[in-house]
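In: I would like the atomic coordinates for the input below:
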Amino acid sequence: MDAAGPVVRTTGGLVRGRWAAARSAPEHGDPIAVFRGIPFARPPVGDLRFAAPVPARPWDGVREADAFGPPPPQSGLQLTPLAPSPPGADPGDWLTVNVFSPDLGAARLPVLAWIYGGAYRFGASGQLGYDGVPIASQNVVVVTFNHRVGVEGYAYLPGVPANRALLDQIAALHWVRENIAAFGGDPDRVTVFGESAGAGAIASLFVMPAAAGLFRRAVAQSIPGTFFSPELAADVTAAIAAAAGLSATAEAFAAADPARLAIASDAVRPRDHLDRWGPVAHTSTPFSPVVDGEVLPAAPWRAVAAGAGRSIDLIAGHNRDEYRLFTRMPGQFGRITAEQADRALRALAPSSPGVDGAAAYREAFPEADAGTLFELVQSDFLFRMPTLHFAQAHAAAGGRTFLYELSYPARPVGMGACHALDVPLVFGVYTGLGRMLFGPTPPDSAVRLGNLMRSQWAAFAADGDPGWPQYSPGHRMTRIFDDPPAVAPYPETESMHIWDQHRFGVLGLDAAPDPDPAYGADRHPDADLDLA
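Out: Numbers count the residues shown, from 1 in each chain. Predicted structure coming up:
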């Protein structure tokens with residue numbers, strides 16, 4: 001072992017990492033080799049601002065890879081602390097990758113590549129909760145990386161590529177394919193895993209031709225149901241431009257300080273656009289992947305039902321009480337009025353001629369108060385039903401599919417199994433977000449459950465079997481992560497039936513979601529799927 005740190009040759013040059021104790025058994029486990037802040041693309045600033053990522057320039061000598069790269073410009077709503085940027089680092093060097101390897105000399109270990117969430121507007125691989133050491137201790141190579149978020153990653157501007165965040169992710173996965181063998185990983189056994197916006201990005205990658213062949217398996221934790229039309233995305237960008245005092249052009253945005261644009265995007269409140277943005281006006285973020293027909297050719301549910309990504313093994317799942325995080329944190333919990341609940345039900349519940357979605361919720365949950373109905377429809381619209389339908393579409397098209405629900409509650413009373421609870425459990429890191437959700441000392445039952453989730457993610461990355469039965473339309477077997485864990489038919493049957501005929505698709509200006517007839521919730525794999 002090199003006491004100064006392990007050295008690996010990448011396509012860009014030599015990098016020197018550091019050693020970290022294996023968390024699972026530090027007293028006798030081999031250390032983990034950790035490499036941080038390796039550039040996979042050139043800084044997207046200056047002439048490269050709002051452009052597709054360009055491969056990083058090579059360097060001479062040995063580059064010290066001991067600190068996370070600077071985070072991309074992002075919303076001031078970031079809740080969890082970020083690692084400090086290294087002294088002297090190029091502040092525009094946002095596109096960097098980190099590798100955590102248990103054995104640099106191993107013959108092709110499975111790889112888990114993390115795509116972070118953050119409402120498509122914040123996040124960085126240097127967040128304290130994304131330490132890859134505990135997962136790498138499961139004998140897998142872990143990769144985390146930065147990608148552009150917010151205005152830099154998703155603002156829809158004429159003359160520049162849409163979905164630059166997704167293009168960054170593809171560039172990072174190309175770097176993994178070209179370099180991961182040098183870190184002990186198998187480029188043919190890459191599993192992408194991500195939560196919230198990260199899961200939405202993974203759903204996008206399933207249907208993007210440029211991502212074909214870059215990963216073999218995927219774990220999508222809480223897939224958001226929001227994918228924008230170009231018209232809606234352009235209207236959002238115009239609102240941000242107005243808040244910044246700019247014209248909505250690539251030239252004007254490229255000349256503006258990134259922090260100014262982030263502040264302007266934070267000033268844009270979707271609820272102020274109820275007359276134009278449809279269901280999006282009832283969410284908290286003005287960003288989502290844009291179905292532009294070029295970078296992202298289709299909303300994922302339709303294409304997956306038609307067979308896109310059929311060869312990719314999939315774990316998809318959600319948390320039971322997803323929206324509770326967003327009522328508890330701003331102090332709304334217990335204060336939702338009947339009028340607020342009714343407005344959310346009318347805006348978000350699936351309705352069609354002869355079908356009243358709001359009435360369906362009240363009939364299915366007769367004992368629910370206003371706050372419960374509000375949370376249920378928000379959870380279902382944003383995360384629970386998009387995730388379920390994605391799994392159903394993948395299974396119906398013949399893909400190997402595994403479904404889960406996290407039901408174990410956070411430690412603060414009333415938080416339930418809220419959004420993002422899965423992140424500290426899977427990473428085994430109970431600082432930052434983990435401390436907020438589990439307290440200064442997580443309960444033993446939470447640690448056991450996190451150990452189980454982490455081991456099953458690693459097993460899935462290794463051979464495609466996480467340890468519970470596949471999901472199928474006829475049986476709907478689901479891993480229930482609780483204390484104790486179990487396997488049972490999908491538990492949210494009331495919501496499942498309410499949303500059975502809904503078709504998630506593209507959200508447009510002042511309109512309901514595109515009624516996408518190209519997939520069915522429980523269609524047979526051999527069903528004729530008309531894409532016209």
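
In: average pLDDT across stretch 100-110?
Out: Average pLDDT, stretch 100-110: 94.

In: try stretch 340-349
Out: The average pLDDT within stretch 340-349 is 96.

In: Same check on stretch 225-238?
Out: For stretch 225-238, mean pLDDT rounds to 98.

In: right, and the helix or strand after the longest strand seen in the chain?
Out: For the chain, the longest strand by residue count, based on DSSP state E, is strand 185-195. Sequence order places helix 197-207 as the next helix or strand after strand 185-195, per DSSP states H and E.

In: If you count contacts, what does that following helix end up packed against?
Out: Here helix 197-207 touches strand 109-115, helix 164-179, strand 185-195, strand 217-221, helix 300-305, going by 3 or more CB pairs under 8 Å, 6 or more residues apart in numbering; DSSP states H and E. (C-beta placed from N, C-alpha, C; glycine too.)

In: I'd like to check the angle between it and strand 185-195, please.
Out: 120 degrees (axes from the mean of the first three to the mean of the last three CA atoms, to 10 degrees).

In: From the chain's centre, how far out is helix 197-207? Work that out for me.
Out: 7 Å (CA atoms, centre = their mean, to the nearest Å).

In: then that helix to PDB, C-alphas only?
Out: Provided in PDB are the C-alpha atoms of helix 197-207 (Å, rounded to 0.1, in the frame of the first residue of the first chain):
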ATOM      1  CA  ALA A 197     -34.500  14.300  -9.500                       C
ATOM      2  CA  GLY A 198     -31.700  11.800  -9.800                       C
ATOM      3  CA  ALA A 199     -34.300   9.100 -10.400                       C
ATOM      4  CA  GLY A 200     -36.100  11.300 -12.900                       C
ATOM      5  CA  ALA A 201     -32.700  11.700 -14.700                       C
ATOM      6  CA  ILE A 202     -32.400   7.900 -14.700                       C
ATOM      7  CA  ALA A 203     -35.800   7.500 -16.200                       C
ATOM      8  CA  SER A 204     -34.700  10.000 -18.900                       C
ATOM      9  CA  LEU A 205     -31.500   8.000 -19.600                       C
ATOM     10  CA  PHE A 206     -33.600   4.900 -20.300                       C
ATOM     11  CA  VAL A 207     -35.000   6.600 -23.400                       C
END
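
In: on that earlier part again, just send the helices and strands packed on helix 197-207 back as TSV, with mean neighbour count and distance to Tyr156 too.
Out: Converted to TSV, these look like this (neighbours: other CB atoms under 10 Å; distance: least, CB to CB, whole Å):
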stretch	mean neighbour count	distance to Tyr156
strand 109-115	27	21
helix 164-179	23	10
strand 185-195	23	22
strand 217-221	27	24
helix 300-305	27	18
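
In: what's the pLDDT at Ser352?
Out: With respect to pLDDT, Ser352 scores 81.

In: show me what contacts the residue nearest to the spatial centre of the chain?
Out: Geometric centre of the chain, nearest residue: Gly198, 1.5 Å, by CA atoms, centre = their mean. Applying CB atoms under 8 Å, 6 or more residues apart in numbering, one finds that Gly198 lies in contact with Trp114, Ile115, Tyr116, Gly117, Gly123, Gln221.
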